[in-house]
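>>> Got a sequence here, can you model it:
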Amino acid sequence: MITNTLTLKKAFRAAFPHTIPIFAGFWFLGLTYGIFMNVSGFSFWYPMLMSLTIFAGSVEFVTVNMLLGAFNPLQALAMTLMINARHLFYGISMLDKYRGTGIKKFYLIYGMCDESFSINYTASVPEGVDSSWFMFFVTLLNHFYWFFGATLGGIFGSLIHFNTEGLDFVMTAMFVVIFLEQWLKEKQHTSALLGIGLSLACLALFGPDSFMIPSMLAILGTLTLLRRPLENAY
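A predicted model of the protein is given here:
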């Protein structure tokens, strides 16, 4: 028991600093989401339970309109798959990382969002820290930040009045920082340049509303074909 407690403490202490930027973004966006739900006529139970069970920010915002419209489960399923299709690629990328994590794997899969994926995939776990518990606490903390912000927004939404325009750029800025950190850490930048180039090409071909899935497919296919040369280069 002592060893397990020490293991958990070390993993938590190692994971927490990595999630502080996520807290800043999730707390504000979650608060905005809770306020949006409140303004749309829903009590705080809705954002609280939805942030706990769905845990997909983009889908949760879209769900507000779905709840206000006609009941259409097929449309909800199609919309969710379209918005979160990128998680299929996240899952493929994390196959090796999640191997050997035991029962924690179920929560790691369930709670994997963009931010948890970015940290767990790129972070260097300190020596002596259990990597599976490190990834677990990263996922759990990020989940809690979103739940906390959404719940507060739902509770105090009717009392808080401020202009939330531009708050979504917090997450964009965070991903730019993560990309730059990964760029500085790697000696070879072939994968990053391919990702940028293919994404820009798909943006030009398919437009801003439809380029996400084609660009991910193009990146996946290209990196799969170039896997062996890239591994040799690294």
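>>> Can you give me the domain assignment for this protein?
Using automatic domain parsing, the domain parsing of the chain gives 2-167, 186-234.
>>> May I see these arranged in TSV, with mean neighbour count and distance to Val176 as well?
Yep, even glycine has a C-beta here, placed from its N, CA and C like the rest. Formatted as TSV, the domains of the chain follow (neighbours: other C-beta atoms under 10 Å; distance: least, C-beta to C-beta, whole Å):
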stretch	mean neighbour count	distance to Val176
domain 2-167	17	11
domain 186-234	13	12
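>>> Just give me the lowest mean pLDDT stretch among the ones you listed.
Ranked by mean pLDDT, the domains of the chain bottom out at domain 186-234, with a mean of 81.
>>> related to what we said a few turns ago, can I get the domains of the chain in a markdown table with distance to Leu180?
Putting these into a markdown table (distance: least, C-beta to C-beta, whole Å) gives the following:
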| stretch | distance to Leu180 |
| --- | --- |
| domain 2-167 | 11 |
| domain 186-234 | 10 |
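>>> mind checking which of those domains is nearest Val177?
domain 2-167 (7.2 Å; C-beta to C-beta).
>>> Can you give the distance of the closest one from its chain's centre?
How far domain 2-167 lies from its chain's middle: 6 Å, per C-alpha atoms, centre = their mean, to the nearest Å.
>>> and if you look at stretch 193-211?
Here the centre of mass of C-alpha atoms in stretch 193-211, compared against the chain's by C-alpha atoms, centre = their mean, lies 21 Å away.
>>> residues making contact with it?
Identification of contacts with stretch 193-211 by C-beta atoms under 8 Å, 6 or more residues apart in numbering yields 214-215, 218-219, 222-223, 226.
>>> rewinding a little: closest to Phe179 out of the domains of the chain?
Closest to Phe179 of the domains of the chain, according to C-beta to C-beta: domain 186-234, at 7.3 Å.
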